[in-house]
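Undergrad: sequence and predicted structure are below.
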Amino acid sequence: MADREFIRVCPLEELKGRRIVQAAGPHGPLVVVHDNDRVFALDNRCPHLGFPLHRGSVDNGILTCHWHHARFDLATGGTFDPWADDVPTAPVELRDGIVWVGTRLAYADGAAHWQNRLREGLEQNIPLILAKAVLGLAADGVPDVAVVRTAALFGARSRDDWGAGLTTLAALANLLPVLPEDEHYLGLYQGLRRVAEDCAGTASKRARQPLPADAQRELATLARWVREWTRVRHRDGAERTLLTAISTGAAPGEVARLLLEAVSDRYFADGGHALDFINKGFELLDQIGWEHAASVLPSLVGPLVEARGAEESDSWRHPVDLIPLCEAAFAGLSELLAAGAPRRGSWTGHAALADAMLGDDPAAIIGALEQALGAGARGVDLGRSLAYAAALRVARFGTSNEHADWDTAHHAFTYCNALHQLLKRVGTDTPAALRGIFHGAMRLWLIRFLNVPPARLPEEESLDDLPREADAIQEAFLAALDRQGSVREAARLVARALALGHSGDAIVGTLARATLREDAGFHTVQVLEAGVRQWREWGDTPEGRRVLVAVARWLAAHSPTPRAQLQTADVARRLARGESLHEDVA
């Protein structure tokens with residue numbers, strides 16, 4: 001090698017006397033060690049938090065960092081403490097009694113290092129390792145979807161049931177295209193660490209197989225079987241039938257309809273989670289590829305068959321028994337679909353129907369849905385109106401309610417958004433699939449107390465006291481979320497930006513930054529992702545603006561948090577850039 005690829009350190013005899021010295025490399029400081037008649041060179045920054053390793057100690061071929069006592073093999077840089085990560089090493093040459101050290105650092109496992117660290121970070125639930133792996137893989141040119149795929153398959157393999165981690169990963173993967181570049185890394189990191197956290201200490205998935213090759217495979221029969229196994233809570237039967245549908249080559253929309261009809265046999269199953277999980281399972285497959293359906297979708301079966309339906313809840317029976325109202329409507333769905341068929345696709349009453357679904361009379365709400373179907377509304381039209389009505393429940397949430405009631409509004413909104421997305425995916429309206437619309441509408445009626453009295457929308461008051469420039473509004477919004485009790489202020493700032501015609505994408509980016517800097521729960525990520533989807537449905541309209549106002553109010557109600565994960569992500573980013581985190585240490 002040419003001399004420019006090496007740097008002179010010191011005479012060997014001097015190194016023997018000092019045993020450990022620091023050298024100034026072109027890309028950061030190096031630590032050079034003499035031990036057992038050998039010379040070693042490594043990155044001087046501890047991979048855990050950047051503490052200078054030359055301030056550590058050496059014994060028996062092991063370098064120990066004195067900050068958190070991580071230990072490293074001098075020869076390879078490999079750590080004995082996986083939470084710390086490995087240290088890259090540099091080649092060493094002796095020239096006429098002088099120690100020379102190479103300027104190029106490398107990991108012992110070479111190009112596979114970051115893939116290995118991603119796997120280990122997931123398996124051992126080490127956030128810093130995951131953050132560093134995201135940055136390292138990006139620097140190596142690995143596309144985001146490959147990272148998402150690794151995490152998704154790990155999550156599906158490591159848990160027998162779908163969990164909050166995979167929901168968060170799917171939501172953030174959906175958001176990646178709309179995130180500003182600075183937030184891209186945080187989005188991936190937050191998704192990965194949620195999967196790792198969700199899988200920590202859980203039993204691995206029990207593998208099941210499709211039915212034998214000569215079994216009955218007509219999709220209509222398989223759909224009936226899945227509904228039957230769901231009703232009697234027979235997980236093995238439902239899972240094997242689902243795997244059979246996938247193995248026979250059923251299209252994604254057909255498999256989605258199979259599960260949508262099964263989950264809709266119960267009213268608002270498991271508080272809306274069961275249907276929301278199903279939607280997120282398919283959205284995750286949109287990201288990583290349908291060829292992984294047999295690995296991912298079986299995780300949904302446990303929550304599906306074990307879910308409790310709202311028809312078992314007293315609140316759906318009193319003071320009005322909603323179940324007979326819904327069942328009577330279900331009996332007439334086939335006729336309504338037939339009556340509306342000639343006008344299907346021309347219906348445009350989305351906003352008016354949403355307003356009707358926020359009414360005080362459940363029978364009138366059901367009547368409005370029936371009228372819309374007869375007038376030509378499709379399932380996706382009803383889903384769009386339903387999701388917007390649910391967003392208004394959040395936008396008008398009264399802050400005099402208990403804080404936990406925000407979750408009540410959240411579950412309704414994310415359920416309604418998920419149903420809307422599934423109806424778009426299925427593409428074909430069936431009476432069984434449309435049952436969920438009525439479930440969602442009745443749920444919105446049941447939680448009407450959240451809007452008593454309703455919070456004022458920002459559009460109902462003057463906003464002239466707020467800044468006009470986009471940067472100033474963004475700064476004020478983020479500052480507002482640094483304080484508790486800023487729900488109204490945050491909503492007004494978002495409304496101000498939209499009213500002035502500032503970029504909707506930039507506003508979404510600000511909402512994302514406010515989310516990703518927090519140690520936010522998966523509900524917050526769900527609200528952001530659902531809100532962005534519904535905003536894109538409506539665009540820059542009064543309805544679309546109210547959706548983003550709803551998101552802003554939710555974020556403000558759930559901020560600030562400790563932000564420990566942001567600190568971890570920042571440390572990883574500074575280490576990746578070669579920065580010194582402890583310049584003040586001699």
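TA: Good, I have the coordinates.
Undergrad: report the distance from stretch 179-199 to the chain centre.
TA: Once both centres are worked out by C-alpha atoms, centre = their mean, to the nearest Å, stretch 179-199 turns out to sit 7 Å from its chain's centre.
Undergrad: now that stretch: average pLDDT?
TA: pLDDT averaged over stretch 179-199 equals 93, rounded to a whole number.
Undergrad: check stretch 91-99 too.
TA: Looking at stretch 91-99 alone, the average pLDDT works out to 96.
Undergrad: buried residues, it. List them.
TA: Residues of stretch 91-99 classed as buried under the neighbour-count rule (16 or more other C-beta atoms under 10 Å) are 92, 99. Glycine gets a C-beta too; all of them are placed from N, C-alpha and C.
Undergrad: touching it from outside, list them.
TA: Judged by C-beta atoms under 8 Å, 6 or more residues apart in numbering, the contacts made with stretch 91-99 from elsewhere in the structure are 6, 8-13, 15, 32, 39-41, 100-102, 104.
Undergrad: buried ones from the residues you listed, can you make that a PyMOL selection?
TA: Selection of buried members from those for PyMOL, criterion 16+ other C-beta under 10 Å:
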select buried, resi 6+9+12+15+32+39+40+41+100+101+102
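Undergrad: residue 497: which of the contacts of stretch 91-99 is nearest?
TA: The nearest member of the contacts of stretch 91-99 to residue 497, counting by C-beta to C-beta, is residue 104 at 47.4 Å.
Undergrad: verify the contact between that closest one and residue 4 for me.
TA: No. Counting by C-beta atoms under 8 Å, residue 104 does not reach residue 4; the two are 11.3 Å apart.
Undergrad: top strand in this protein by residue count?
TA: With DSSP state E setting the assignment, residue counts place strand 28-35 as the longest strand in the chain.
Undergrad: how near is residue 355 to residue 508?
TA: Distance from residue 355 to residue 508, counting by C-beta to C-beta, to the nearest Å: 25 Å.
Undergrad: can you give me the pLDDT of residue 19?
TA: The predicted local distance difference test score for residue 19 is 95.
Undergrad: how close does it get to residue 43?
TA: Shown here: residue 19 relative to residue 43, a distance of 18 Å by C-beta to C-beta.
Undergrad: of these two, who's got more company?
TA: The neighbour count for residue 19 versus residue 43, taken as other C-beta atoms under 10 Å, is higher for residue 43 (24 against 12).
Undergrad: for residue 575, see how far away that one is.
TA: Using C-beta to C-beta, we find residue 43 at a distance of 9 Å from residue 575.
Undergrad: same question for residue 517.
TA: Per C-beta to C-beta, residue 517 is found 19 Å from residue 575.
Undergrad: try residue 463
TA: With the distance defined as C-beta to C-beta, residue 463 ends up 43 Å from residue 575.
Undergrad: higher neighbour count, these two?
TA: Using other C-beta under 10 Å as the criterion, residue 463 and residue 575 rank with residue 575 on top: 24 against 15.
Undergrad: helix or strand for that one, just tell me which one.
TA: Following DSSP states H and E, one finds residue 575 within helix 564-576.
Undergrad: give the buried residues for that helix.
TA: Those buried within helix 564-576 under the rule 16+ other C-beta under 10 Å are 565-566, 568-569, 571-573, 575-576.
Undergrad: likewise for stretch 525-536?
TA: Buried residues in stretch 525-536, counted by 16+ other C-beta under 10 Å: 525-535.
Undergrad: let's see which of those end up in helices.
TA: Assigned to helices by DSSP state H, the following of these qualify: 525-535.
Undergrad: need the contact list for the residue nearest to residue 83 when sequence neighbours are not counted.
TA: Beyond its immediate neighbours in the sequence, the residue positioned closest to residue 83 (C-beta to C-beta, 6 or more residues apart in numbering) is residue 126, lying 5.1 Å away. The contact partners of residue 126, taken as C-beta under 8 Å, 6+ apart, are 82-83, 120, 196.
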